[in-house]
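A.B. asks: pasting a predicted model and its sequence here:
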Amino acid sequence: MTIIPLDRAASANGASGGTPVLEARGLTKHFPAHGHRTARRAVVHAVEDVMLSLPQAGITAVVGESGSGKSTLARLLAQLIKPTAGAVLLDGAAAPRRRRYARQVQLVLQDPFSSLNPVHNTRYHLARPLQLHGLASGENLDTAIAELLERVALSPAFAAKYPHELSGGQRQRVAIARALAMRPRVLLADEPVSMLDVSIRLGVLNLLADLRDREGLAILYVTHDIASARYLADVIAVMYAGQIIESGPSAQVTDAPAHPYTQLLLSAAPDPDRVEAPSLRGRGAPPNLIRPPSGCRFHPRCPFAMAVCADERPAAIEVAPGQSSACWLHVNDLTAAQSRPLREPATEARPLREPATEAQRPQGPGEEKQ
Amino acid sequence: MSSNDVLIEVRGLCVDYGLGGDAVHAVVDADLDLRRGEVLGLAGESGSGKSTLAYAITRLLRPPGVITAGSARFASTVNLLTADRRELRGLRWNEIAVVLQSSMNALNPVLSIGTQFSDVLTAHRPDMSRADRRARSGELLEMVGIPADRLSSYPHELSGGMRQRVMIATALALDPSVVIMDEPTTALDVVTQREILEELTVLRDRLGFAVLFISHDLSLLAEIADSIAVMYAGRLVERASASAIFRAPRHPYSLGLLSSFPALHGPRRAMEGIPGSPPDLRNMPAGCPFHPRCGYAFDRCRSDPPPPLLDLDAGTREAACWLHDGHAAVPAELARTAVDAVSADTGGPS
């Protein structure tokens, strides 16, 4: 059985070779849980052993439902919270802290209606980081601000405007400009368009793609919308219950998903091209992360769950060039006891592959359409 | 009688926020028909007036909202806009039920689910016995896939998806013929959203109610609605069957909105969305409100307000755009037939 770490899968995409700019190695975050029903030592297993790498001039999307840990991962990567275990590497070395780190890695938040201070104008929002980091002062300041605005496709006239005078898309552009002020090499964007009107979302996504192409930024795009991840990102990593369960080149992951959860997510997403109503395989809701399920965290919902899935967490396995999936279905040398179905399969469920045959590409929803 | 099929007939509805010269025109001259058993999707961005329209026809509009003109007939008899309290009380919930966007705000946090069901039944069906109410409440919960023993739960003990299901179940408590749903699944995850939409389709087929489904997500509406009305800046700009809108839009805004949703399959290609931002309703552009963002705008669009919805394609669909009044050359993208679009789709690599 070949096991490759997910980070190799990400850099195999071809966006760039060599060391990724930012790397998460075994990143884990447990939040203390307080409640009358939980033990005093109980923790929420929000992010568990995540491997992820952001290559230069590449957009990596983290896709997941609410509670999957995707925003926690972004915050860990921004060093806003301390990991319980694991490390964040910048250029392959231990990342510096605080201000030196902030110069390299910047976070853009979801809601531009609350991330900008309503009593200050755009100029103030952009001038602060420049001054605090000593990048511009005096007369340089106005030039630097005009240049920042230009990088996010806003005219210099926006410097004098206050947040309430801006539309949602313009506010998010100002928030991105603020993040760009110290010329970071990594931009972490946490749901940057989900609060925006539909017709202006693509404008902001295209701006991120531009920044990747023009300035070589490494971008993390956190989203719940797998269609926009497919559109924007080079690599998609799918998170479920705090773990990355599949990653690979974005078109590959969406056209031939290898993990049953990715398949579920894709079948649930709105798709007007669909001729028939989709059949959801794996209903229900994500698990309680105070007591996460044993083994694979998806096994209680998984239509293909086997005995081994409840016992042991599957490792990420390369299922196609650059694409890896953490699922026991892709492991070939299981014993009969291990591959015994955990429960009677639903009538419409079709196994990903016949058990005990040699490796073959699982049938994804993309292929069924033919 | 075919007119009996139309459950809600809205004509010339205008809604303002505020009075006099400062009034903001949130809905302008809207015509809409909701037929028996139909799912009508109302699509639009925030500020397009889609929720205001729904609140106006259910008379849930709060000041400073004012209905300034128009009519909305229920089953071609009662005018909802002029009905008195007694008439409204007879119609609300019995015939027209509403599911609001945020179930967290719509459910009372200090009452159990069972109490909230029973309140509805006590108010509208005073003859029901306590046991009957209890039984009916349990039946309603199970109808939306929640075990009846959750009646004793409080809203905070349920997940977001379950709360939204409870809202749908309460709306259906009195077997209404119309259910108005304002972004019922927007706050939910895709898997939960899909489950609820499936349940809704099954219930609609079983109980035969009509749905006015309000959403900003045109790709979702294209999948679940029978017909779609698209709103922009308070006006209805296009009305057609869901497949016609999706395959062959006629209004430039519908076309732009459709190209704002990246596809889940097919080749990855750059998309532009719509340039600019939705207009500020307090400061509307002259002429057609969409012209500053429209790639097809010509002189008339800048000076004249847009035409009323024009009948197109032998009366099967309507669009409010000067391109379609017979004097202008219609660009190919806005003159596609549904068949063209299908063959273009299957021609590409999948």
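C.D. replies: Good, I have the coordinates. Numbers count the residues shown, from 1 in each chain, chains lettered A, B, ... in the order given.
A.B. asks: where does chain B have low pLDDT?
C.D. replies: Within chain B, the segments meeting pLDDT under 70 span B:1-4, B:103-104, B:338-350.
A.B. asks: try 50
C.D. replies: B:1-3, B:341-350 (pLDDT under 50).
A.B. asks: list the buried ones in the helix ranked longest in it?
C.D. replies: When chain B is parsed with DSSP state H, its longest helix is helix B:190-207. Within helix B:190-207, the residues that count as buried by 16 or more other Cβ atoms under 10 Å in any protein chain shown are B:190-200, B:203-204. C-betas here are computed from N, CA, C, even on glycine.
A.B. asks: following element in sequence after that helix, please.
C.D. replies: strand B:210-215 (DSSP states H and E).
A.B. asks: does any part of the helix or strand just after that next one sit near chain A?
C.D. replies: Using DSSP H and E, the helix or strand that follows strand B:210-215 towards the C-terminus is helix B:218-224. Yes: using Cβ under 8 Å from any Cβ of the partner chain, helix B:218-224 reaches chain A at B:218-220, B:222-223.
A.B. asks: just put these in a markdown table and tack on neighbour count.
C.D. replies: Output for those, formatted as a markdown table (neighbours: other Cβ atoms under 10 Å in any protein chain shown):
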| residue | neighbour count |
| --- | --- |
| B:Leu218 | 26 |
| B:Ser219 | 23 |
| B:Leu220 | 24 |
| B:Ala222 | 23 |
| B:Glu223 | 20 |
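A.B. asks: would you turn the residues you listed into CSV with distance to A:Tyr101?
C.D. replies: Formatted as CSV, these follow (distance: Cβ to Cβ, whole Å):
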residue, distance to A:Tyr101
B:Leu218, 41
B:Ser219, 39
B:Leu220, 40
B:Ala222, 45
B:Glu223, 44
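A.B. asks: how about these, which pair is most distant?
C.D. replies: The largest separation in these, counting by Cβ to Cβ, is between B:Leu218 and B:Glu223 at 9.8 Å.
A.B. asks: hang on, the earlier thing: does the longest helix of chain B come close to chain A?
C.D. replies: Yes: shown here: helix B:190-207 in contact with chain A (Cβ under 8 Å from any Cβ) through B:190-195, B:198, B:201.
A.B. asks: give me the angle between that helix and strand B:210-215.
C.D. replies: 160 degrees (axes from the mean of the first three to the mean of the last three Cα atoms, to 10 degrees).
A.B. asks: ok, for B:Glu318, nearest residue in space, not its chain neighbours?
C.D. replies: Nearest non-adjacent residue to B:Glu318, counting by Cβ to Cβ, 6 or more residues apart in numbering or on different chains: B:Leu309, 3.8 Å away.
A.B. asks: quick check: phi and psi on the one you found?
C.D. replies: phi -60, psi 120 (degrees, to the nearest 10).
A.B. asks: name the nearest residue to B:Gly256, sequence neighbours excluded.
C.D. replies: B:Ile274 (3.9 Å).
A.B. asks: what sits against the one you found?
C.D. replies: A:199-200, B:253, B:256-257, B:260, B:293 (Cβ atoms under 8 Å, 6 or more residues apart in numbering or on different chains).
A.B. asks: out of the residues you listed, which sit inside helices?
C.D. replies: A:199-200, B:253, B:256-257.
A.B. asks: would you map out the domains in chain B?
C.D. replies: B:2-225, B:245-347 (automatic domain parsing).
A.B. asks: which of the ones you listed sits closest to A:Gln56?
C.D. replies: domain B:245-347 (20.8 Å).
A.B. asks: give me the buried positions along stretch B:318-325.
C.D. replies: For stretch B:318-325, by 16+ other Cβ under 10 Å, it's B:318-324.
A.B. asks: neighbours of the residue nearest to B:Glu318, just the number please.
C.D. replies: 22 (other Cβ atoms under 10 Å in any protein chain shown).
A.B. asks: list the contacts of it.
C.D. replies: Applying Cβ under 8 Å, 6+ apart to B:Leu309 gives the contacts B:31, B:236, B:238-239, B:318-320.
A.B. asks: just A:Val44 next, same as before
C.D. replies: A:Val44 touches A:30-33, A:289-290, counting by Cβ under 8 Å, 6+ apart.
A.B. asks: which is the next helix or strand following the helix or strand harbouring it?
C.D. replies: Element membership for A:Val44 (DSSP H and E) is strand A:43-54. Once the chain leaves strand A:43-54, the next helix or strand it forms, by DSSP H and E, is strand A:58-63.
A.B. asks: show me the strands in chain A, by range?
C.D. replies: Using DSSP state E, the strands of chain A run over A:22-32, A:43-54, A:58-63, A:85-90, A:93-94, A:105-108, A:186-190, A:218-223, A:235-240, A:243-249, A:317-320, A:323-325.
A.B. asks: give me phi/psi at the nearest residue to B:Ile228 once chain neighbours are set aside?
C.D. replies: If the residues on either side of it in the chain are set aside, B:Ile228 comes closest to B:Gly41, at 4.2 Å by Cβ to Cβ, 6+ apart. Backbone torsions for B:Gly41, taken as degrees, to the nearest 10, come to phi -90, psi 130.
A.B. asks: these two touch, right, B:Gly41 and B:Asp217?
C.D. replies: No: between B:Gly41 and B:Asp217 there is no contact, the gap being 9.4 Å when judged by Cβ atoms under 8 Å.
A.B. asks: between those two, which is the more surrounded one?
C.D. replies: For B:Gly41 versus B:Asp217, neighbours defined as other Cβ under 10 Å are more numerous around B:Gly41 (25 against 18).
A.B. asks: against B:Val27, how distant is the more buried one?
C.D. replies: B:Gly41 is 17 Å from B:Val27, where distance means Cβ to Cβ, to the nearest Å.
A.B. asks: any idea which residue of the stretch 1-150 of chain A lies closest to chain B?
C.D. replies: A:Glu65 (4.1 Å; Cβ to the nearest Cβ).
A.B. asks: need the contact list for that residue.
C.D. replies: Contacts of A:Glu65 (Cβ under 8 Å, 6+ apart): A:224, A:240, A:265, A:286, B:189-191.
A.B. asks: who wins on neighbours among those residues?
C.D. replies: A:Tyr240 (27 neighbours).
A.B. asks: is that one in a bridge, and if so with what?
C.D. replies: A:Tyr240 has these beta-bridge partners by DSSP bridges: A:Gln243.
A.B. asks: show me where the chain has helices.
C.D. replies: Using chain A. A:6-11, A:70-77, A:98-102, A:112-115, A:122-132, A:139-151, A:168-180, A:198-215, A:226-232, A:250-255, A:260-268, A:307-311, A:365-368.
A.B. asks: oops, I was thinking of chain B
C.D. replies: B:50-57, B:85-91, B:103-106, B:113-124, B:130-143, B:160-171, B:190-207, B:218-224, B:242-247, B:252-258, B:299-303, B:338-347.
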